[in-house]
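1. just a sequence and a predicted model for now, questions to come.
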Amino acid sequence: MTRKRSVSDDERKLFESAYQQATPLAPSLLTRKQPESKSRFTSGGLNGRTAERLKRGEIAPQARLDLHGMTETAAHTTLTAFIRSAWTRGLRLVIVVTGKGARESAPDAPFSMDSRRGILRHLAPRWLSEPDIAGLVADVRPAHRSHGGDGALYVYLRKNR
């Protein structure tokens, strides 16, 4: 068995200087992902027991808002005012009915403007996380089937202190 030759100090310095001056042939394959910004207000305002009771539909909402037939701007304004009013009155659980949205048209329909179904259904959770009312909202979850299912949202409000 032969011994490996050790690297001299001169060879080591030569290698380090060559390494410092080298330019890569291709960009690095590893790209760093920027961490997602975390919201100041996280959901989690529910304890496990309350969350389970909500999931089963055992807790009755204290107020109800129906956004059916409203435009985006009208629905946004109404939702914001409703949440503020409910929080001021000390309510904890409200239900927001958005509807499931109109049935999708045929894929070859000539005038289909938007392929998404249920604009308000998709926008309501985003509106509830906006800074002006996010501090009032503890959690947002889909409603139980008996309270509207996928077409409605439970909004659990923080305590008014």
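-> That came in fine, so what should we check first?
2. check contacts around the residue nearest to residue 57 when sequence neighbours are not counted.
-> In this structure, residue 57 finds its nearest non-sequential neighbour in residue 144, 3.0 Å apart by Cβ to Cβ, 6 or more residues apart in numbering. Placement of C-beta: from N, CA and C, glycine included. By Cβ atoms under 8 Å, 6 or more residues apart in numbering, residue 144 lies in contact with 54-57, 154.
3. would you turn those residues into a markdown table with neighbour count?
-> Listed next are these as a markdown table, based on neighbours: other Cβ atoms under 10 Å:
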| residue | neighbour count |
| --- | --- |
| 54 | 21 |
| 55 | 13 |
| 56 | 10 |
| 57 | 14 |
| 154 | 22 |
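4. now intersect those residues with the strands, please.
-> Filtering those for membership in strands, criterion DSSP state E, returns residue 154.
5. out of the contacts of residue 144, which one sits closest to residue 16?
-> residue 55 (61.4 Å; Cβ to Cβ).
6. confidence score at that closest one?
-> With respect to pLDDT, residue 55 has a value of 77.
7. repeat that for residue 92.
-> Turning to residue 92, the model gives it a pLDDT of 90.
8. just for the protein, where's the confidence low?
-> The model of the chain has pLDDT under 70 over residues 1, 27-45, 102-117.
9. that's all I had, so thanks and see you.
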